[in-house]
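Engineer: dropping a prediction and its sequence here:
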Amino acid sequence: MEIKILGTGCTKCNALEKLTREVVAETGIEANISKVEDIMQIMNYGVVSAPALVIDEKVVLKGRVPSANEIKKLLTK
């Protein structure tokens, strides 16, 4: 599974990255997690409101930091 955190480095972006990494570690899901901070790359996903969570090249969440439980649900769909 490929997971990308889209965000320019703001507090919410960092919180989403930290929470996502914690959920992946806790659930044992095999995933490559990367952070995309380049605004042009972020815009290529059609995201104008950061942070955003991309799973296997599909934007599944944008504009807010979800709960750990919500991230878990998104990753196990």
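Structural biologist: Okay, I see it. Numbering: from 1, shown residues only.
Engineer: from residue 40, how far out is residue 20?
Structural biologist: Going from residue 20 to residue 40 by C-beta to C-beta, to the nearest Å gives 22 Å. In this view, the C-beta of every residue, glycine as well, is placed from N, C-alpha and C.
Engineer: surely residue 57 meets residue 2?
Structural biologist: Yes: using C-beta atoms under 8 Å, residue 57 is in contact with residue 2, at 6.9 Å.
Engineer: these two: which has the busier surroundings?
Structural biologist: residue 2 (12 against 8; other C-beta atoms under 10 Å).
Engineer: so what's that one up against?
Structural biologist: Counting by C-beta atoms under 8 Å, 6 or more residues apart in numbering, residue 2 makes contact with 31, 32, 34, 54, 55, 56, 57.
Engineer: if it is in a bridge, with which residues?
Structural biologist: Residue 2 has these beta-bridge partners by DSSP bridges: residue 32.
Engineer: confirm residue 4 sits in a strand?
Structural biologist: Yes: assessed by DSSP: H, G, I helix; E, B strand; the rest coil, residue 4 belongs to a strand.
Engineer: host element of the nearest residue to it once chain neighbours are set aside?
Structural biologist: Leaving aside its sequence neighbours, residue 4 sits nearest to residue 54 (C-beta to C-beta, 6 or more residues apart in numbering; 4.1 Å). Under the criterion of DSSP states H and E, residue 54 resides in strand 52-55.
Engineer: show me what contacts the residue nearest to residue 55 when sequence neighbours are not counted?
Structural biologist: Counting by C-beta to C-beta, 6+ apart, residue 55 lies nearest to residue 3, which is 5.7 Å off, once chain neighbours are set aside. Contact analysis of residue 3 by C-beta under 8 Å, 6+ apart lists 20, 24, 31, 32, 33, 34, 53, 54, 55, 75.
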